[in-house]
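>>> Pasted the sequence and its predicted model underneath.
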Amino acid sequence: MAAPPAPLSLSASALSARLRLAAPASRAATARRRGPMVVRAKIREIFMPALSSTMTEGKIVSWTAAEGDRVNKGDAVVVVESDKADMDVETFYDGIVAVVLVPAGESAPVGAPIALLAESDEDVALALAQAQALSSGQPQQASPPSDAAAPPAPPPPAETPVAAPAPVAAGTKGIATPQAKKLAKQHRVDLAKVTGTGQFGRITPADVEAAAGIQPKSKVAPTPAAAPAAAPSMKAVPQAAVLPRVPGATVVPFTAMQAAVSKNMVESLSVPTFRVGYPILTDKLDALYEKVKPKGVTMTVLLAKAAAMALAQYPVVYSSCRDGSSFTYNSSINIAVAVAIDGGLITPVLEQADKLDIYLLSQKWKELVKKARAKQLQPNEYNSGTFTLSNLGMFGVDRFDAILPPGQGAIMAVGASKPTVVADKDGFFSVKNKMLVNVTADHRIVYGADLAAFLQTFAKIIEDPESLTL
């Protein structure tokens, strides 16, 4: 029979030794359970967002949240005018709008702080001090790490503003422009390891591209051989700016939208384009229009649908050349239609126009035009076009040439349909309605035969439009 185990006994000295050994382990286990220490930011900055790929600065239209208002994450706090539309900007944090740095009517570059958000009422005074430091011209790089101590941080780096961005970028993983975050995700770049060189230490798309090892595009363009050829077109704009003013003339600066249109038109000068015109009889199309007009279908929608159906047979016409050395074939036929609005021009996009019937297209077109007039289009509703249609026929214009938008392969200019004397193959004369269509295309990717074949197909659809109603 086995003897029972002897009772355990510890002396006082042995027990105290074991307790001393267990103490550090228990403290370590407690620390692991608590997790790493987190320092919460008490002052956060609301930055000017990049609302489109071409936006470099934005204008404050109005503040929907005033100083002193408490806001929650996701609340719209400000309306910003970009180069294309007016859009609500939401806050990513809860807090109190302590200071508005950029009032309504003024502009700020993308990535610049436009307001300060305090975590609590007690932190409002800290935000005011930080705003005074910014307005007094102290180094901008000191503002992001002001979570711990805003006033003491600015003075030391006052004489070395260039060296300051490094500590700003470290540990500020979220302080990046939306475009920079998108690029970082595409190229798998850790934003925590990127040093921001933008205003207030903001991480810009150029910073992400540099971290990913992508060569900036601007360095490739000014080659010695290309400079003389590009000089005439690029010098035309600066020369116009220095011309003497006409006595009594009033100078009105561009709006953000007008500046964007100007920039795009200048960029289009670098693309080698050619133009092809084509006459099309429209009697049957006019008859169809009279039938569907009471149902809300416009002539613009009929033309867009016909163009989409013809494009489906010629993918190269709605392709693009973005790098100067390759074709980019687009998966969707998105018809952008030029619309004149107060103070500028915008191109709402009928996405996948070849897959929708004319009634759904008309409903969608009305919604897009309404939003365009109110400057409320979302970026994907005006920058996703793969082919552009410009129709001036309603103004009685019989023909015109359209300028190719950057990033697209072709744009169609449609004139008015007018009674014209035509002769048939037997030599008999008659009066029929005819319109002239001109297409401007990028000759790097679209050739004359491609465009001629596309226009022939487009003309057949217009002259026998029953397929538009299917």
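Happy to help now that I have it.
>>> from here on, contacts and neighbour counts on C-alpha atoms
Noted.
>>> What residues sit buried inside stretch 316-331?
With burial defined by 16 or more other CA atoms under 10 Å, the residues of stretch 316-331 counted as buried are 316-321, 327-328.
>>> my bad, stretch 392-410
By 16+ other CA under 10 Å, the buried positions in stretch 392-410 come out as 393, 397-410.
>>> Narrow the residues you listed to those in helices?
Here DSSP state H is the test, and those give no hits in helices at all.
>>> Out of those, which comes closest to Val261?
Val261 has its nearest neighbour among those in Pro405, at 9.5 Å by CA to CA.
>>> how about the residue nearest to the closest one when sequence neighbours are not counted, what does it touch?
Ranked by CA to CA, 6 or more residues apart in numbering and with sequence neighbours excluded, the top spatial neighbour of Pro405 is Ser268, at 6.4 Å. Ser268 makes contacts with 403-406, as judged by CA atoms under 8 Å, 6 or more residues apart in numbering.
>>> now Ser268: how far from Glu463?
32 Å (CA to CA, to the nearest Å).
>>> where in the protein is pLDDT low?
1-41, 53-54, 83-84, 135-175, 199-200, 216-242 (pLDDT under 70).
>>> can you give me the helices for it?
Using DSSP H, helices in the chain cover 12-34, 124-135, 165-169, 178-187, 205-211, 226-241, 256-268, 283-292, 299-311, 358-373, 448-463.
>>> Show me which residues of the second one are buried.
Within helix 124-135, the residues that qualify as buried are 124, 126-128, 130-131, 133-134, counting by 16+ other CA under 10 Å.
>>> Same check on the fourth one?
Applying a neighbour-count criterion of 16+ other CA under 10 Å, the buried positions in helix 178-187 are 178-181, 183-184.
>>> Kindly indicate which of those lies nearest Met55.
Gln179 (10.3 Å).
>>> Just give the nearest non-adjacent residue to the residue nearest to the spatial centre of the chain, would you?
The residue lying closest to the centre of the chain (CA atoms, centre = their mean) is Ser52, at 1.6 Å. Nearest residue to Ser52 in three dimensions, chain neighbours excluded: Pro379, at 6.1 Å (CA to CA, 6+ apart).
>>> wait, isn't that neighbour in contact with Leu51?
Yes. At 7.1 Å, Pro379 and Leu51 qualify as touching, with contact defined as CA atoms under 8 Å.
>>> what about the closest residue to Leu392 other than its chain neighbours, how many neighbours?
Setting aside the residues directly before and after it, Leu392 is nearest to Gly415 in space (CA to CA, 6+ apart), at 5.7 Å. By other CA atoms under 10 Å, 24 other residues sit near Gly415.
>>> Give me the distance between Gly415 and Phe387.
Gly415 is 17 Å from Phe387, by CA to CA.
>>> okay, Pro379 and Leu51: which has more neighbours?
Remark: of Pro379 and Leu51, Leu51 carries more neighbours, 25 against 15, as counted by other CA under 10 Å.
>>> tell me the contacts of the more buried one?
82, 87, 379.
>>> can you put those in a markdown table and add distance to Lys366?
Output for those, formatted as a markdown table (distance: CA to CA, whole Å):
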| residue | distance to Lys366 |
| --- | --- |
| Ser82 | 22 |
| Met87 | 19 |
| Pro379 | 17 |
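>>> Closest one of those to Lys42?
Out of the contacts of Leu51, the member with the shortest distance to Lys42 (by CA to CA) is Met87, at 27.3 Å.
>>> Does that closest one touch Gln376 like I think?
Yes. Taking CA under 8 Å as the definition, Met87 is a contact partner of Gln376 at 6.2 Å.
>>> now the angle from the top strand by length along the chain to helix 448-463?
Criterion DSSP state E: the longest strand present in the chain is strand 429-442. Interaxial angle, strand 429-442 versus helix 448-463 (axes from the mean of the first three to the mean of the last three CA atoms, to 10 degrees): 140 degrees.
>>> and strand 429-442, what does it pack onto?
Here strand 429-442 touches strand 273-281, helix 283-292, strand 410-414, strand 418-423, going by 3 or more CA pairs under 8 Å, 6 or more residues apart in numbering; DSSP states H and E.
>>> out of those, nearest to Arg444?
Here strand 273-281 is closest among these (CA to CA), at 8.1 Å.
>>> what are the C-alpha coordinates of the closest one, in PDB please?
Taking C-alpha atoms only, strand 273-281 is exported to PDB below (Å, rounded to 0.1, in the frame of the first residue of the first chain):
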ATOM      1  CA  THR A 273      -4.900  65.000 -82.800                       C
ATOM      2  CA  PHE A 274      -6.600  64.700 -86.100                       C
ATOM      3  CA  ARG A 275     -10.200  65.400 -87.100                       C
ATOM      4  CA  VAL A 276     -12.700  63.500 -89.300                       C
ATOM      5  CA  GLY A 277     -16.100  64.800 -90.400                       C
ATOM      6  CA  TYR A 278     -19.100  62.800 -91.500                       C
ATOM      7  CA  PRO A 279     -22.600  63.800 -92.900                       C
ATOM      8  CA  ILE A 280     -25.600  61.900 -91.500                       C
ATOM      9  CA  LEU A 281     -29.300  61.900 -92.600                       C
END
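>>> What helices and strands are in contact with that strand?
So strand 273-281, by 3+ CA pairs under 8 Å, 6+ apart, packs with strand 429-442, helix 448-463.
>>> what's the angle between that strand and strand 429-442?
160 degrees.
>>> quick check: angle from strand 273-281 to strand 410-414?
40 degrees.
>>> Can you tell me the strand partners of strand 273-281 and which way each runs?
strand 429-442 (antiparallel) (DSSP bridges).
>>> Name the residues that touch the strand it pairs with?
By CA under 8 Å, 6+ apart, the surrounding residues in contact with strand 429-442 are 271-283, 317, 398-404, 408-424, 451.
>>> got it, and stretch 297-305?
By CA under 8 Å, 6+ apart, stretch 297-305 touches 289, 335, 353-354, 357-359, 361-362, 365, 389, 391, 468.
>>> Return the residues in contact with Val63.
Heads up, residue 63 is Trp, not Val. Neighbour list for Trp63: 77-79, 103-104 [criterion: CA under 8 Å, 6+ apart].
>>> Out of these, who's the most crowded?
Going by other CA under 10 Å, Val78 tops the contacts of Trp63 with 23 neighbours.
>>> measure the residue nearest to that one when sequence neighbours are not counted to Pro178 for me?
Excluding its sequence neighbours, the residue lying closest to Val78 (CA to CA, 6+ apart) is Trp63, at 4.3 Å. Distance of Trp63 to Pro178, given as CA to CA: 21 Å.
>>> how far away is Lys73 from Glu122?
From Lys73 over to Glu122 (counting by CA to CA), the distance is 20 Å.
>>> thinking Asp88 is in contact with Val78, fair?
Yes. Using CA under 8 Å, Asp88 is in contact with Val78, at 5.9 Å.
>>> re the thing from before, which one among the contacts of Ser268 gets closest to Ala372?
Nearest to Ala372 among the contacts of Ser268, with distances taken as CA to CA, is Pro405, at 18.3 Å.
>>> Check the offset of stretch 455-470 from the chain's centre.
Its chain's C-alpha centre and that of stretch 455-470 lie 34 Å apart, by CA atoms, centre = their mean, to the nearest Å.
>>> which residues touch that stretch?
Residues contacting stretch 455-470 (CA under 8 Å, 6+ apart): 278, 280-285, 288, 302, 305-307, 309-310, 357-358.
>>> biggest separation within those, which pair?
By the measure CA to CA, Tyr278 and Asp357 form the most distant pair in those, at 25.6 Å.
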